[in-house]
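Colleague: Provided below for reference: sequence and predicted model.
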Amino acid sequence: MTTSPLQQIVVQPDGHVLVNGGVARRDGRQMCLDYYPARGNNGDPIKLYPCRPLGGAGDSHRWSYSARGEFVSGSGRCIDISGGKSRASTDGQPLSLWDCPDPENYGTRRWLPQAQAQQAFNSNVQLANRVYIVDGTSSEAKHQNASYQLYEAALPNSYYHPGVTDFTGAKDAKNILNDVVNQVCDDMRQKKIRNAALVGYSRGAIIVMAAAKRVMAECGVPVVFLGLVDAVNTSMPDDAGWSSTIPNNIQTLHLAKRSEWENYFTTATITGPRLTKQSSPVDGGHWDMVCDNKGKKSSQWVKSTMAGALRTAGFAVDESKFRGTKC
């Protein structure tokens, strides 16, 4: 929430209220808040007028700032948003005088200094716990796999990134990592998130492990949950800080297939004090973890188990949106 100089006012000790941040116009004149006609009645419009010496106590250029955040005119009435609450959020709405003690529309008469207003604004923002999901190699939205369905079940507070496109080199892994970090940090700066959960499948699991460390270090995002689905480190580029160690303060769930494959991270390799490891109750391969291939139900177990863990960690997931995952 920022303001331009044109939106800034300066309250003078003598009662003048200068506009344009107190900066004079090109002709050398400063503009002040005024009301006209200068009778001080309810509905008198607030105008800008070249500042002039003050007259008596009821001068239309004389204002005081109350402890409740009201600008009180010399007539005893306050600056109000014309139309009351129903117009308070409309750009360009005019201002006028109105009786100060009006509980029904008190908020339209309250004007806070910028720092105090920013604090009040921040306290009213509805922060959300947000889930960020990175899919596995060559997996994307069109496949409608378990990763994507978790994203859909967590909407509107979720983000999805397709997986790496190269089976043999994972050359775009660093770009995906940067995309995820930038997204989480942008959401934090825009006050969209309270806590973050990162979930990844296959190489996407390795990416979210690295992303968790970076977003906590670079933008102070509280990552409270990591969900790993059959993490794979095959051919990951070696210059992006990949690691099999989970940060100490992150609750982590690693769901793996029953039989480990050569060159894939085993559940024993990934370590962390808050790590829970579970193996699929259904025998199957790597792709069966997110797709119901040949009648196997590993992906259904992944969706329900990960959804339950996310909910326990404080993230909203609607399992009624889950459906088949034949991919």
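Modeller: Okay, I see it.

Colleague: Please enumerate the helices of the stretch 151-300 of the chain.
Modeller: For the stretch 151-300 of the chain, the helices defined by DSSP state H, counting those that start in this stretch occupy 173-189, 203-219, 298-312.

Colleague: so of those helices, which one's packed in deepest?
Modeller: Across the helices of the stretch 151-300 of the chain, the average number of neighbours (mean count of other C-beta atoms under 10 Å) peaks for helix 203-219, which reaches a mean of 23. C-beta coordinates here come from the backbone N, C-alpha and C atoms, glycine included.

Colleague: can you put the helices of the stretch 151-300 of the chain in a markdown table and add mean pLDDT and distance to residue 279?
Modeller: Formatted as a markdown table, these follow (pLDDT from 0 to 100; distance: least, C-beta to C-beta, whole Å):
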| stretch | mean pLDDT | distance to residue 279 |
| --- | --- | --- |
| helix 173-189 | 92 | 26 |
| helix 203-219 | 91 | 15 |
| helix 298-312 | 93 | 10 |
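
Colleague: can you tell which of the ones you listed is closest to residue 272?
Modeller: Set against residue 272 and scored by C-beta to C-beta, those come closest in helix 203-219, at 9.4 Å.

Colleague: okay, the angle between that closest one and helix 173-189?
Modeller: 50 degrees (axes from the mean of the first three to the mean of the last three C-alpha atoms, to 10 degrees).

Colleague: Against which helices or strands is helix 203-219 packed?
Modeller: strand 128-134, helix 173-189, strand 193-201, strand 223-229 (3 or more C-beta pairs under 8 Å, 6 or more residues apart in numbering; DSSP states H and E).

Colleague: Quick one: those as a markdown table, columns for distance to residue 111 too.
Modeller: Output for those, formatted as a markdown table (distance: least, C-beta to C-beta, whole Å):
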| stretch | distance to residue 111 |
| --- | --- |
| strand 128-134 | 29 |
| helix 173-189 | 26 |
| strand 193-201 | 29 |
| strand 223-229 | 38 |
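
Colleague: Nearest approach to residue 145 belongs to which of those?
Modeller: Nearest to residue 145, of all the helices and strands packed on helix 203-219, is strand 193-201, at 7.9 Å by C-beta to C-beta.

Colleague: any idea how far that closest one is from the chain center?
Modeller: Remark: strand 193-201 is offset 12 Å from the chain centroid, using C-alpha atoms, centre = their mean, to the nearest Å.

Colleague: partners of that strand in the sheet?
Modeller: Strand 193-201 has the following strand partners under DSSP bridges: strand 128-134 (parallel), strand 223-229 (parallel).

Colleague: tell me which residues in that strand are buried?
Modeller: 193-201 (16 or more other C-beta atoms under 10 Å).

Colleague: and it with helix 298-312, angle?
Modeller: Interaxial angle, strand 193-201 versus helix 298-312 (the same axes, to 10 degrees): 160 degrees.

Colleague: what does the average pLDDT come to for strand 193-201?
Modeller: For strand 193-201, mean pLDDT rounds to 93.

Colleague: Alpha carbons of that strand, as PDB, please.
Modeller: Written as PDB, here are the backbone C-alpha positions of strand 193-201 (Å, rounded to 0.1, in the frame of the first residue of the first chain):
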ATOM      1  CA  ILE A 193       0.600 -16.500   2.600                       C
ATOM      2  CA  ARG A 194       1.000 -17.300   6.300                       C
ATOM      3  CA  ASN A 195       2.700 -20.700   6.000                       C
ATOM      4  CA  ALA A 196       3.900 -22.700   3.000                       C
ATOM      5  CA  ALA A 197       3.900 -26.400   2.100                       C
ATOM      6  CA  LEU A 198       6.000 -27.700  -0.700                       C
ATOM      7  CA  VAL A 199       5.100 -31.100  -2.400                       C
ATOM      8  CA  GLY A 200       7.100 -32.700  -5.100                       C
ATOM      9  CA  TYR A 201       7.100 -36.000  -7.100                       C
END
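
Colleague: ok, back up a step: out of the strands paired with strand 193-201, nearest to residue 153?
Modeller: Closest to residue 153 of the strands paired with strand 193-201 is strand 128-134 (C-beta to C-beta; 9.1 Å).

Colleague: Identify the farthest-apart pair in the buried residues of strand 193-201.
Modeller: 194 and 201 (24.9 Å).

Colleague: Of the helices and strands packed on helix 203-219, which is nearest residue 61?
Modeller: Residue 61 lies closest to helix 173-189 among those, at 40.5 Å (C-beta to C-beta).
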